[in-house]
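Participant: how would this look folded up:
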Amino acid sequence: MRRITHPGPPAPAREDVVPCEAVPLRLTLRMGLPLTQAVAEALGAEGFAFGYLRLDGVRLAPLVYVMPAPASEHGHAAWYSATHSLPEGRITHGGAHYGRREGRGFIHSHSRWEPLGMGHLLCDDCIIARDVEVQGWGLRGAGLVAQEDRETLFTLFRPQATGPCTPNALLVTLRPNQEIGAALQGIAKDMPKARIEGIGSLVGTHFERAPAIESYGTEILIVEGQVSASETRLRMASVGFDGRSELDQLATGQNAICVTAEILILPES
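Facilitator: Down below sits the predicted model:
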């Protein structure tokens, strides 16, 4: 399994796990608003300051994004491409964590869209092209808050406790060079079965059937995920430096975290 060397000292703890209450929601994102504002207003109207949304079916005009890119003069192990913009695009599969950064609402989103492409949405610049209903979860008791990370030199979301709740889920972030499936399986070892939602990055992406994406930094979106004490199954979309994206079942035991993974674990009976 490939690994990556980051510029800072590895953090002693390789995962952050905070219990939370995840409330299923169906929200309308309003036409004409930047994606960040649309999500903030929709979650806020339901009384939530944090959440995770599936953006499937959202039309954006423009759709503004970056992709993973090789390391640059910034000193990071990997970086971002130049900014790209499409006049309009329709998200086929998308995930968006809504949290806080520098005291304001912030979205981290990886999405796949038509015309075919995938990347990291710049959510303040993407505009909702028409009203759309999306599925998601509002979070109580914990939320993602951006922090400076000494290991990677990025500002990254980490879960923080935010107050009392009735926990029914786990909000998780994973640090570099862990095999993603094994890490999730370890966290969920006491759960008969759980649903996995989230986004992140890998040191190359290796699938069961689709061609591997060999870039040493790839952005990922979990399209469908389940985990138990005995197995992790992750259907994943991934994009590399050249913009090629694939969607397939992740190969077992071959995929290390590159920078982070931001995961919502939802136990199922």
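
Participant: ends of stretch 153-170, how far apart?
Facilitator: End-to-end span of stretch 153-170 (CA to CA, to the nearest Å): 25 Å.

Participant: Buried residues in that stretch, which are they?
Facilitator: 153-154, 156-160, 162, 165, 167, 169-170 (16 or more other CB atoms under 10 Å). Placement of C-beta: from N, CA and C, glycine included.

Participant: just stretch 120-136 next, same as before
Facilitator: So, applying 16+ other CB under 10 Å, buried residues of stretch 120-136: 120-123, 125-129, 132, 134, 136.

Participant: Pick the one among those residues closest to Glu208.
Facilitator: Nearest to Glu208, judged by CB to CB, of these is His120 at 24.8 Å.

Participant: where does the stretch 101-250 of the chain have low pLDDT?
Facilitator: In the predicted model, the stretch 101-250 of the chain carries no residue with pLDDT under 70.

Participant: ok, back up a step: among the buried residues of stretch 120-136, which two are most distant?
Facilitator: Asp125 and Gly136 (21.2 Å).

Participant: what's the nearest residue to the residue nearest the centre of the chain if we skip its chain neighbours?
Facilitator: The centroid of the chain falls nearest to Ile199 when counting by CA atoms, centre = their mean (2.1 Å). Excluding the flanking residues, the one nearest Ile199 by CB to CB, 6 or more residues apart in numbering is His110, at 4.2 Å.

Participant: do the same with Gly217
Facilitator: Spatial nearest neighbour of Gly217, excluding adjacent residues (CB to CB, 6+ apart): Ala78 at 3.4 Å.

Participant: Now do that neighbour, the pLDDT please.
Facilitator: If you check Ala78, the pLDDT there is 93.

Participant: Can you name the residues that contact it?
Facilitator: By CB atoms under 8 Å, 6 or more residues apart in numbering, Ala78 lies in contact with 4, 68-71, 201, 216-217, 258-259.

Participant: TSV please, covering those residues and showing distance to Gly47 and secondary structure.
Facilitator: Shown next, in TSV, are those (distance: CB to CB, whole Å; DSSP: H, G, I helix; E, B strand; the rest coil):
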residue	distance to Gly47	secondary structure
Ile4	40	coil
Pro68	35	strand
Ala69	39	strand
Pro70	43	strand
Ala71	42	coil
Ser201	32	strand
Tyr216	42	coil
Gly217	37	coil
Cys258	35	strand
Val259	32	strand
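
Participant: and these as CSV, adding distance to Thr83?
Facilitator: As requested, those are exported to CSV (distance: CB to CB, whole Å):
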residue, distance to Thr83
Ile4, 24
Pro68, 14
Ala69, 11
Pro70, 17
Ala71, 18
Ser201, 18
Tyr216, 22
Gly217, 17
Cys258, 21
Val259, 19
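
Participant: ok, of those residues, which come out buried?
Facilitator: Looks like those have 4, 68, 201, 216-217, 258-259 buried, using 16+ other CB under 10 Å.

Participant: Quick one: neighbours of Ala42, just the number.
Facilitator: Neighbourhood size, Ala42 [other CB atoms under 10 Å]: 24.

Participant: And Arg112, by the same measure?
Facilitator: 24.

Participant: Quick check: buried residues in the helix or strand where Leu43 lies?
Facilitator: Using DSSP states H and E, Leu43 sits in helix 35-45. By neighbour count on 16+ other CB under 10 Å, the buried set for helix 35-45 is 35-40, 42-43.

Participant: Also stretch 75-91?
Facilitator: Applying 16+ other CB under 10 Å to stretch 75-91 flags 76-80, 86, 89-91 as buried.

Participant: got it, and stretch 224-240?
Facilitator: Buried residues in stretch 224-240 (16+ other CB under 10 Å): 225-228, 232, 234-240.

Participant: now that stretch, how far from the centre of its chain.
Facilitator: 13 Å (CA atoms, centre = their mean, to the nearest Å).

Participant: What of stretch 205-220?
Facilitator: The mean C-alpha position of stretch 205-220 is separated from the chain mean by 16 Å, CA atoms, centre = their mean.
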